[in-house]
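A.B. asks: Kindly generate the corresponding structure for this input.
(one chain, ligands or ions: 3)
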Amino acid sequence: MAPTMPSDLTEFVIVEGNGVKGLSEIGLKSLPREYIQPLEERMMNVVGGDSIPIIDMSNWDDQKVEDEICDAAEKWGFFQVINHGVPLHVLEKVKDATHRFYEMEAEEKVKYSKENSASKHVRYGSSFSPESEKALEWKDYLSLFYVSDHEAATMWPPPCRDEALEYMKRSEILIKRLLNVLLKRLNVSEIDEKNEALFMGSKRINLNYYPICPNHDLTVAIGRHSDVSTLTVLLQDEIGGLHVRAPNHHDWIHVSPISGALVINIGDALQVMSNGRYKSIEHRVSANGSKTRVSVPIFVNPRPSDVIGPLPQVLANGEQAMYKNVVYSDYVKYFFRKPHDGKMTVEYVKI
Ligand SMILES: COc1cc(/C=C/C(=O)SCCNC(=O)CCNC(=O)[C@H](O)C(C)(C)COP(=O)(O)OP(=O)(O)OC[C@H]2O[C@@H](n3cnc4c(N)ncnc43)[C@H](O)[C@@H]2OP(=O)(O)O)ccc1O
Ligand SMILES: O=C(O)CCC(=O)C(=O)O
Ligand SMILES: [Fe+2]
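C.D. replies: Ligands and ions are numbered 1, 2, ... in the order given. Below you'll find the model as predicted:
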């Protein structure tokens, strides 16, 4: 019998918690119209040949490596790191755990949806902002905001809880190293108890799931956006699909998966704090017609209550502030309230 489309798509995907994974598994031959993106948002202008920098972190405190990191953050806003010190078995385990979470029945996963979750720090959902999007995105996600080990142990879903926490904790040294190097160029002293919260006072880990998609060229898995983090550490599997805006602001460059590597990108908070010196670059994810993909970003952020703005150390040389001060949680709420729209969130705080 030919597969049939659920009569109420929102009910099936969101309310019942089947997600796009559920849609994919029905075996639909064509993409539901709700996912059809306008022409200009589909994947175009992807150039081959170019690549974001790949940085070997073995000698991370070598001046040459520090320069590579800061130069990449200024020019590309994105780079991959190898020999980064996060054990490879930890990375493998969190990818497996991601698959394990999504393999649960919809009735189990939906217990973590916005409407049902026992903690507002744990959220399972589909697309980005289904209430405000004109066209939906082909992605399911589980978002885990870290508050304490106790909350993670009691509230995060058991199939992925320990692995997600381990990945977050084992990435801590890498995150501090990267931030210290980036801050040094901004004349900010080493991260200590006084300034740590502003740069890495909160963390959110997302487990993204992108199932096989019919007519994948008509939609996107994630639309154009920049992250609102200080920086993001992204683990991707071997499938590929992440594209970043090229320095010419026009083309898109594919981030080819490298086994064991982590992708690092600068987020809006660091762009603002560096007064535009480090770039939070637009990126997007294509949908795949033949393979399921997972990715696991760790968003490293200020605390929600922190005020972000250009750092005094950056303005000390007399340069004009390009951004207003804003309470970080107001900035993030603004991001979550609207559909993905490229670099528009940062316009909210531009002077
Ligand atoms: C999901 O697809 C994505 C996600 C991304 C993410 C990119 C990032 O850079 S995430 C890093 C964001 N930074 C932080 O989370 C740290 C700071 N956190 C905060 O400031 C707060 O925790 C808060 C996120 C603002 C929530 O504050 P709270 O007081 O609890 O306010 P709420 O009323 O609960 O939520 C406000 C507003 O945001 C929506 N929202 C909350 N959490 C999420 C979430 N995990 N995913 C999606 N949306 C979320 C919530 O629905 C509220 O909106 P309403 O309209 O319902 O009022 C990149 C690309 C992707 O595709
Ligand atoms: O899946 C990816 O490669 C990127 C995901 C992403 O950009 C995000 O979750 O913010
Ligand atoms: Fe992103």
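A.B. asks: Grab the nearest non-local neighbour of residue 13.
C.D. replies: residue 126 (5.2 Å; C-beta to C-beta, 6 or more residues apart in numbering). The C-beta positions use only the backbone N, C-alpha and C, and glycine is treated the same way.
A.B. asks: Can you tell me the element the residue of the stretch 251-351 of the chain found nearest ligand 2 falls in?
C.D. replies: Residue nearest to ligand 2 within the stretch 251-351 of the chain: residue 295 (3.3 Å; C-beta to the nearest ligand atom). Using DSSP states H and E, residue 295 sits in strand 293-301.
A.B. asks: What separation is there between the residue lying closest to residue 38 once chain neighbours are set aside and residue 231?
C.D. replies: In this structure, residue 38 finds its nearest non-sequential neighbour in residue 135, 6.9 Å apart by C-beta to C-beta, 6+ apart. Residue 135 sits 29 Å away from residue 231, going by C-beta to C-beta, to the nearest Å.
A.B. asks: And for residue 321?
C.D. replies: In terms of C-beta to C-beta, residue 321 sits 21 Å off from residue 231.
A.B. asks: More neighbours: which of those two?
C.D. replies: residue 231 (25 against 15; other C-beta atoms under 10 Å).
A.B. asks: how would you label the residue nearest to residue 75 when sequence neighbours are not counted: helix, strand or coil?
C.D. replies: Nearest in space to residue 75, with sequence neighbours left out and distances taken as C-beta to C-beta, 6+ apart, is residue 247 at 6.0 Å. Recorded secondary structure, residue 247: coil (DSSP: H, G, I helix; E, B strand; the rest coil).
A.B. asks: Please report how far residue 247 lies from residue 282.
C.D. replies: 12 Å.
A.B. asks: Now residue 263. Its backbone dihedrals?
C.D. replies: Backbone dihedrals for residue 263, given as degrees, to the nearest 10, come out at phi -90, psi 130.
A.B. asks: Count the residues that sit near the nearest residue to it once chain neighbours are set aside.
C.D. replies: Leaving aside its sequence neighbours, residue 263 sits nearest to residue 234 (C-beta to C-beta, 6+ apart; 4.1 Å). Using other C-beta under 10 Å, residue 234 is surrounded by 22 other residues.
A.B. asks: residues touching residue 234, list them.
C.D. replies: Taking C-beta atoms under 8 Å, 6 or more residues apart in numbering, we find residue 234 in contact with 242, 262, 263, 264, 265, 295, 296, 297, 298.
A.B. asks: Shouldn't it be within a strand?
C.D. replies: Yes. Residue 234: assigned to a strand according to three-state DSSP.
A.B. asks: Okay, and the beta partners of it?
C.D. replies: residue 263, residue 297 (DSSP bridges).
A.B. asks: what does the one 10 residues further on give?
C.D. replies: Using DSSP bridges, the bridge partners assigned to residue 244 are residue 253, residue 283.
A.B. asks: Would you mind measuring from it to ligand 2?
C.D. replies: 9 Å (C-beta to the nearest ligand atom, to the nearest Å).
A.B. asks: ok, now residue 39?
C.D. replies: Distance from residue 39 to ligand 2, by C-beta to the nearest ligand atom: 22 Å.
A.B. asks: What is the burial count for that residue?
C.D. replies: Residue 39, neighbours per other C-beta under 10 Å, totals 8.
A.B. asks: Same question for residue 57.
C.D. replies: So residue 57, with other C-beta under 10 Å, has 22 neighbours.
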